[in-house]
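A.B. asks: Sequence first, predicted coordinates after that:
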Protein chains: 2
Amino acid sequence: MPTSPTAAVIAEDDSGGRRAATKAANRAAILDAARCVFAELGYGSATVRDVIRRTQLASGTFYNYFPDKESLFRAVLEQAAERVRARVQAARREARSLEEFVAAGYREYFGFLADDPEAFALMRRNSGTIRAMFDEPIFGAGIDELAADLRTAISAGIVPAVDAEYMAAAMVGAALEVGVAMIQREPPDVEGATQFATRVFLGGIERLGSP
Amino acid sequence: MPTSPTAAVIAEDDSGGRRAATKAANRAAILDAARCVFAELGYGSATVRDVIRRTQLASGTFYNYFPDKESLFRAVLEQAAERVRARVQAARREARSLEEFVAAGYREYFGFLADDPEAFALMRRNSGTIRAMFDEPIFGAGIDELAADLRTAISAGIVPAVDAEYMAAAMVGAALEVGVAMIQREPPDVEGATQFATRVFLGGIERLGSP
DNA sequence: GCGTAAAGTGACGCCGCCGTCACGTTCTCT
DNA sequence: AGAGAACGTGACGGCGGCGTCACTTTACGC
């Protein structure tokens, strides 16, 4: 049992004493509960009370961690978005061809959905709110990033001249819906969805390149 | 001025007397206001009060027309969905080839978005709620219908053997996002978006057909 | 160990929404 | 034209969320 100071320091993963540890734990508990609640009820219908009721904390405690519901929502999304974007970008960086680039992005994205269905539910349930709240973030950022990548690939001659904005929108929109369909299959076949999406858009890019 | 009964009957487009006329007008006013409110605030955050405040009616009157917020929401969606589905289906019916089928669907869908951007905002803002509320309707119905059409086309040999479910999901998902991008262009180029989406998916179908 | 400051607690006042209802107004039917 | 029903009205009680605050509990530093 960690009773001596040294042992306590070893047992706690983050620096700082016990104070900081419960602080981190409480914050995590609130974020976990919030992910659940926002995914189930949607942002608009959810209340701060709904969230704290799912934790062991009192209502007043919430306001020691977040000023209001919107801040909480932003924190929850930031956490989820970071994970998926890091995954997708890391995989894309190693791509050496157009096919690898497209396939790697889809593979990591669909893999994320399969690994963390709750985060996916959160995003899908609140996609409209997200778009309205931060005009053009999270998903928008995903689209914009992809569009930028496509443009550089077009300049480099790797990709034929297509409308990068439309192409990025189509690829992301399709990913959302195909992801829904994939999750409903048992078991979710990440590789099948990846192959499908990759082939569709490689075929589409080819076709667009030679009108 | 319509004072005699005959004149009154002529002046009012629907049958029934004055009573029925204001009834229809009130219902329409509520639905109009609701479309606005749901599109701006989202279903969860919107209140019945928000809606009636945008009309000339008293709060009690609302409950003469709808029992609660959910019924109102369903009515609003039904109205919007009916218009777009009628449009898309009518156009598809006349298609004589795969290309015509795909292009006609997209053309009518994008045309609808351009003609009625408020209905589009409503659907996009509340897509997550819609999916959660009627599990698999409206959009789901769109996907399912398309999937069914694809399957019959595959049986008939018009379309190569692709995963109809994934394909329908991808086509609908892409349409949503490309629609967003199209609306933001000034002026919205329905034909450009139609050409783009059609080529992408014809190319994709072709590629999938010969693995 | 002990004082202090940080953090947890839940009751409280305020506010806005919900759905109803008793009343007033307006159309319809004879 | 007059009786009656259908409809519009807004005030009302009940409810639940919001954010605060005085008080208690807990960890930190000496």
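C.D. replies: Everything's here; your move. Just so you know, these numbers come straight off a predicted model, no measurement behind them.

A.B. asks: can you count the residues close to the closest residue to residue A:59 other than its chain neighbours?
C.D. replies: Once flanking residues are discounted, residue A:59 sits nearest to residue A:52: 5.5 Å by CB to CB, 6 or more residues apart in numbering or on different chains. (Glycine included, C-beta is placed from N, CA and C.) Using other CB atoms under 10 Å in any protein chain shown, residue A:52 has 22 neighbouring residues.

A.B. asks: Give the residue spans of chain A that score low on pLDDT.
C.D. replies: A:1-15, A:135-141, A:211 (pLDDT under 70).

A.B. asks: Let's check: the centremost residue of it is which one?
C.D. replies: Most central in chain A under CA atoms, centre = their mean is residue A:81, positioned 3.4 Å from the mean C-alpha point.

A.B. asks: Where do the helices of chain A begin and end?
C.D. replies: A:5-11, A:18-41, A:48-53, A:59-62, A:69-93, A:98-115, A:117-125, A:127-133, A:138-155, A:164-184, A:190-209 (DSSP state H).

A.B. asks: so the second one versus helix A:117-125, what angle?
C.D. replies: Spelled out, that is helix A:18-41. Interaxial angle of helix A:18-41 relative to helix A:117-125 (axes from the mean of the first three to the mean of the last three CA atoms, to 10 degrees): 50 degrees.

A.B. asks: Does chain B have contacts with helix A:18-41?
C.D. replies: Yes - counting by CB under 8 Å from any CB of the partner chain, chain B has neighbours in helix A:18-41: residue A:41.

A.B. asks: buried ones in that helix?
C.D. replies: Residues A:21, A:26, A:29-31, A:33-39, A:41 are the ones in helix A:18-41 that count as buried (16 or more other CB atoms under 10 Å in any protein chain shown).

A.B. asks: again with the last one
C.D. replies: Neighbour-count burial for helix A:190-209, counted by 16+ other CB under 10 Å, picks out A:190, A:193-208.

A.B. asks: what do you get for the shortest one?
C.D. replies: Within helix A:59-62, the residues that qualify as buried by neighbour count (16+ other CB under 10 Å) are residue A:62.

A.B. asks: Next: the fifth one.
C.D. replies: By neighbour count, and taking 16+ other CB under 10 Å as the criterion, the buried residues in helix A:69-93 are A:69, A:72-77, A:80-81, A:84-85, A:87-88, A:91-92.

A.B. asks: which among these gets closest to residue A:185?
C.D. replies: residue A:84 (20.2 Å; CB to CB).

A.B. asks: residues contacting the residue nearest to the closest one when sequence neighbours are not counted?
C.D. replies: Spatial nearest neighbour of residue A:84, chain neighbours left out: residue A:112 (4.7 Å); criterion: CB to CB, 6+ apart. Each residue near residue A:112 by CB atoms under 8 Å, 6 or more residues apart in numbering or on different chains is listed here: A:83-84, A:87-88, A:119-120.
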